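> please work out how this folds:
(one chain, ligands or ions: 1)
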Amino acid sequence: MKELFKEIYKKIKEYDKIVIARHIGADPDALGSTIGLKELILNTFPEKKVSVIGVYSSVFKYMGRMDKLNEKEIGESLLIVCDTPNIARIDGITNPRDFAYVIKIDHHPIIDKFEDLKWVDTSASSVCQMLIELSYETRLKMNKEAAEKLYMGLVSDTNRFLYDYTSPKTFMLVSKLISDTKIDIKPLYDNLYSRPLIDVRFLGYVAQSMTVTEGGLGYLTISDEVIQRFGGDTALSGNIIGSFNNINEVLVWVIFTEDKKNNLIKVNARSRGPEIHTVLEKFGGGGHPMASGARLTNAEDIDKVIKALEEVCKNYRK
Ligand SMILES: [Mn+2]
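This next block holds a predicted model:
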């Protein structure tokens, strides 16, 4: 393992131009890992040119800004892809192979091979956790800015140390991070957990309207009209999907959200038992075993997804 850390560090040291990318539909782990890694690299090698790319996220604006990809420099740049298992989900890059060298750092189950060097740890709580580890195992220097981003990503991906992947290593790394950098975690939690009233009202609506099957599947379709009524956008469902954990009657839950503008249906699915990512993969999506999504172009697939997830629940209960 140590060898792998050395190799990653060596490649970072070798390239003057580095591009860091993550998955589409950015979440705090994707943003925290890429922006945090940029900080780590610049804190260690101030003369390097490091760009974090992908669509800017206004929901997570506290995570920081994005950089522009300089197309002309692709051929001489090192690309580091964080938190993304497949090419189709890399935000802002169509062909990673155009880069001089590609490193993948991820905690999702492997899907595509697009890298020259990979560090995939499916037991890691978050890519942010992996990067905290990387900085402690190499000469990449931690600072307060990097620590704040990495901490927020880790806390978000573990849902405040609640999920399975939270391990003794998670606590060990976090403990060291906080005592070394003296970050103040209170304002970071304010960033992560303050939310607009509209989200809470929408959450109430979903809780009231969700159908729950005998097998333990909760599901609901959100039409464009409902989104309009709440005065929100299609991101609403993603914002509240995490709030249905630890409900006795609900084992797996899924929200189908009509995205009228792009003429598709966004699927947000979560589980607190059976693995669901393989189901979503069959519909062109994917993600983690307990948190997956997809984008359907055919409304008839909604029933198929419901049936498949219901099946998964039933088998799990057996
Ligand atoms: Mn992640």
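> domains of this structure?
For the chain, automatic domain parsing gives the domain ranges 2-192, 197-317.
> the first one: end-to-end distance?
Same thing as domain 2-192. End-to-end distance for domain 2-192, by CA to CA, to the nearest Å: 33 Å.
> what's the answer for the shortest one, then?
Taking CA to CA as the measure, domain 197-317 stretches 36 Å from start to finish.
> please compute how far that domain lies from its chain's middle.
Centroid displacement of domain 197-317 relative to its chain, using CA atoms, centre = their mean, to the nearest Å, is 17 Å.
> in TSV: the domains of the chain, plus distance to the ion.
For glycine as for every other residue, the C-beta is placed from the backbone atoms N, C-alpha and C. Listed next are the domains of the chain as TSV, based on distance: least, CB to the ion, whole Å:
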stretch	distance to the ion
domain 2-192	3
domain 197-317	8
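> deepest in the core, which of these is it.
Greatest average neighbour count among the domains of the chain goes to domain 2-192 (a mean of 19), per mean count of other CB atoms under 10 Å.
> how far is it from where the chain is centred?
For domain 2-192 - counting by CA atoms, centre = their mean - the centre lies 11 Å from the chain centre.
> what are the phi and psi values at residue 217?
Dihedral pair for residue 217: phi -100, psi 120, per degrees, to the nearest 10.
> could you verify my assumption that it touches residue 311?
No. Counting by CB atoms under 8 Å, residue 217 stays clear of residue 311, with 9.3 Å between them.
> still on that earlier bit, could the domains of the chain go into JSON lines alongside mean pLDDT?
As requested, those are arranged in JSON lines below (pLDDT from 0 to 100):
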{"stretch": "domain 2-192", "mean pLDDT": "96"}
{"stretch": "domain 197-317", "mean pLDDT": "96"}
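> need the three-state assignment for residue 122.
At residue 122, secondary structure determined by DSSP: H, G, I helix; E, B strand; the rest coil is coil.
> contact partners for it?
Residues near residue 122 by CB atoms under 8 Å, 6 or more residues apart in numbering: 107, 108, 109.
> can you give me the helices in the stretch 101-250 of the chain?
Taking DSSP state H, counting those that start in this stretch, the helices of the stretch 101-250 of the chain run over residues 127-137, 144-157, 168-181, 185-193, 197-209, 224-230, 235-240.
> same for the fifth one, what does it pack against?
Packing contacts for helix 197-209, counted by 3 or more CB pairs under 8 Å, 6 or more residues apart in numbering; DSSP states H and E, involve strand 217-222, helix 224-230, helix 235-240.
> residue 139 against residue 41, yeah?
No. Assessed by CB under 8 Å, residue 139 is found out of contact with residue 41, at 11.1 Å.
> spit out the residues that contact the two alike.
Common neighbours of residue 139 and residue 41 (CB under 8 Å, 6+ apart) do not exist.
> in contact with residue 292, which residues?
Counting by CB under 8 Å, 6+ apart, residue 292 touches 269, 270, 276, 277, 279, 280, 281, 285, 286.
> in strands only, show me the residues you listed.
Using DSSP state E, the subset of the contacts of residue 292 located in strands is 269, 270, 286.
> about what we covered before: for the contacts of residue 122, which one is nearest residue 147?
Lowest distance from residue 147 to the contacts of residue 122 (CB to CB) belongs to residue 107, with 19.2 Å.
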